[in-house]
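>>> compute the structure for the input listed below.
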Amino acid sequence: EARDAGAHVGRAWALVHLVRSLPSDLGARRLLVPRSALARRGLEAEALFERRQGEGLNAAVAELVDTAQGHLREARRLRAGVPRRALAALLPAVFVDLHLKRLRRAGFDPSTPALARPMPAAPLRLLWRRLRGVY
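Next comes the predicted model:
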């Protein structure tokens, strides 16, 4: 169960990183977001590269955020079977939570400047979760 929980946390973290790097990736004309998520919104790569995406990109990001949130839920569902000694490997879930909350507050707009700001309270949250034995 610890491995399964870790895989879900890893997938959630990867999706968050994908969204956070989206503005710089588009600036470099790289597109790592699944094209299926974009196609459902009627988005094309060239429009994204030229910053003509409209609200469709935010909807695609919202879909990725929901997928990441689902992975976190699944990881936490497995919590009972995870030994305490494996907890440290699952603590990145704390950072995933923080980033997902920020993305929601930003209306799923990955270019919102607030998303690039540091999170000074994050290490304290991480410590608190570690001491409580939860992720």
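>>> quick one: the nearest residue to residue 67 once chain neighbours are set aside from residue 33, how far?
On the basis of Cβ to Cβ, 6 or more residues apart in numbering, the spatially nearest residue to residue 67 that is not a chain neighbour turns out to be residue 15, at 6.0 Å. For every residue, glycine as well, the C-beta is placed using N, CA and C. From residue 15 over to residue 33 the distance is 10 Å, taken as Cβ to Cβ, to the nearest Å.
>>> and the helix or strand containing residue 47, how far out from the chain's middle?
Assignment of secondary structure by DSSP states H and E places residue 47 within helix 45-49. Averaging C-alpha positions (Cα atoms, centre = their mean, to the nearest Å) puts helix 45-49 22 Å from its chain's average.
>>> okay, buried residues for the least confident helix or strand in the chain by mean pLDDT please.
The weakest-scoring helix or strand in the chain, judged by mean pLDDT, DSSP states H and E, is helix 35-39 (a mean of 80). The neighbour-count check on helix 35-39 (16 or more other Cβ atoms under 10 Å) flags 37, 38 as buried.
>>> what distance separates that helix from the middle of the whole chain?
17 Å.
>>> same check on stretch 122-135?
19 Å.
>>> which residues of the chain fall in helices?
Counting by DSSP state H, one finds helices in the chain at the ranges 2-20, 22-27, 35-39, 45-49, 56-77, 87-90, 92-105, 122-132.
>>> against which helices or strands is the last one packed?
When you say that, I think you mean helix 122-132. With contacts defined as 3 or more Cβ pairs under 8 Å, 6 or more residues apart in numbering; DSSP states H and E, the packing partners of helix 122-132 are helix 92-105.
>>> quick one: the helix it packs on to helix 122-132, angle?
When axes from the mean of the first three to the mean of the last three Cα atoms, to 10 degrees is applied, the directions of helix 92-105 and helix 122-132 differ by 130 degrees.
>>> can I get helix 92-105 as CSV, trimmed to CA atoms?
Backbone C-alpha positions of helix 92-105 (Å, rounded to 0.1, in the frame of the first residue of the first chain) are rendered in CSV as follows:
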residue,chain,number,x,y,z
PRO,A,92,5.4,15.7,-1.0
ALA,A,93,1.6,15.4,-0.8
VAL,A,94,1.7,18.5,1.5
PHE,A,95,3.2,20.6,-1.3
VAL,A,96,0.8,19.2,-3.9
ASP,A,97,-2.1,20.3,-1.7
LEU,A,98,-0.6,23.8,-1.4
HIS,A,99,-0.1,24.2,-5.1
LEU,A,100,-3.5,22.8,-5.9
LYS,A,101,-5.1,25.4,-3.6
ARG,A,102,-3.2,28.2,-5.2
LEU,A,103,-4.2,27.1,-8.7
ARG,A,104,-7.9,27.0,-7.6
ARG,A,105,-7.6,30.5,-6.2
